[in-house]
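Colleague: sharing a model prediction with you, sequence too.
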Amino acid sequence: MGSIGEVIKQLRKQRGYTQGQVETFSKGKIKRSYLSNLEAGNITMPSQDKLRALAEVLNTTVREILTRAGVIESPDPDLEAEIAAFIQANPDLGDILLKAMRILPPEDMREVLEYARYRVERYEEEKGCPGGRRCVFPLRSESQC
C-alpha cells in the first residue's frame, strides 16, 4: 500500500515504461511533467479522467489503482457485480457511482444500491420497464418487466 503516485510508478516500471512513453501512449492526456509530480507525491488525488487514462495505459483499472493505494477497500465481488449491472444499464450514472465507490465504505455503497434498486422497482411497478429495456438489476428476470 502506498500513495496513488507510488502505485502508478510501480505499475509503470513493471511494464517497463518511461514517463515519456506514458505521455505518448496516453496520446497527450497525461503529460510527462504531470506524471512526474504525481509520482513524487505533489499531486495526491488525480481527476477521474487522469486516472482512467493512466489505468488504460498501464492496462489496469481505476479500482485496482485506488485499492492498491489504500484509497478504497478491496472489492466485494457481489457488490461489484451489482454495481457493474447498474452502470451497464445506466451509463449516465456511472461517473457518480465511480465517485461514490472511491469515497464511500462498502456498507454505504450497499445502501446507495439498495435505494437505487428500490427506486427502480417503484418506477417499474408504476410504469413498467421503459422502452422494453432490460431490467436494471440481475436479481429480477427480464420476464418480470
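Modeller: Perfect, I can see it now.
Colleague: can you give the domain ranges for this structure?
Modeller: 4-68, 77-144 (automatic domain parsing).
Colleague: and those domains, which one's lowest on average pLDDT?
Modeller: Comparing mean pLDDT over these, the weakest stretch is domain 77-144, at a mean of 67.
Colleague: with only the CA atoms kept, save the helix or strand encompassing Arg122 in CSV.
Modeller: Assigning secondary structure by DSSP states H and E places Arg122 in helix 106-127. What follows is helix 106-127 as a C-alpha-only set of coordinates in CSV (Å, rounded to 0.1, in the frame of the first residue of the first chain):
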residue,chain,number,x,y,z
PRO,A,106,-18.8,-0.8,1.2
GLU,A,107,-21.6,-0.7,3.7
ASP,A,108,-22.6,2.8,2.5
MET,A,109,-22.3,1.7,-1.2
ARG,A,110,-24.8,-1.1,-0.4
GLU,A,111,-27.2,1.4,1.0
VAL,A,112,-26.8,3.5,-2.2
LEU,A,113,-27.5,0.4,-4.4
GLU,A,114,-30.4,-0.7,-2.2
TYR,A,115,-32.0,2.8,-2.6
ALA,A,116,-31.4,2.7,-6.4
ARG,A,117,-33.0,-0.7,-6.6
TYR,A,118,-36.0,0.5,-4.5
ARG,A,119,-36.5,3.5,-6.8
VAL,A,120,-36.2,1.4,-10.0
GLU,A,121,-38.6,-1.2,-8.7
ARG,A,122,-41.1,1.5,-7.8
TYR,A,123,-40.8,3.0,-11.3
GLU,A,124,-41.2,-0.4,-12.9
GLU,A,125,-44.2,-1.1,-10.9
GLU,A,126,-45.8,2.2,-11.8
LYS,A,127,-44.7,2.5,-15.5
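Colleague: roughly how far apart are the residue sitting furthest away from the middle of the chain and Val120?
Modeller: Residue farthest from the centre of the chain, counting by Cα atoms, centre = their mean, is Glu126 at 31.4 Å. Counting by Cβ to Cβ, to the nearest Å, the separation of Glu126 from Val120 is 11 Å. Glycine gets a C-beta too; all of them are placed from N, C-alpha and C.
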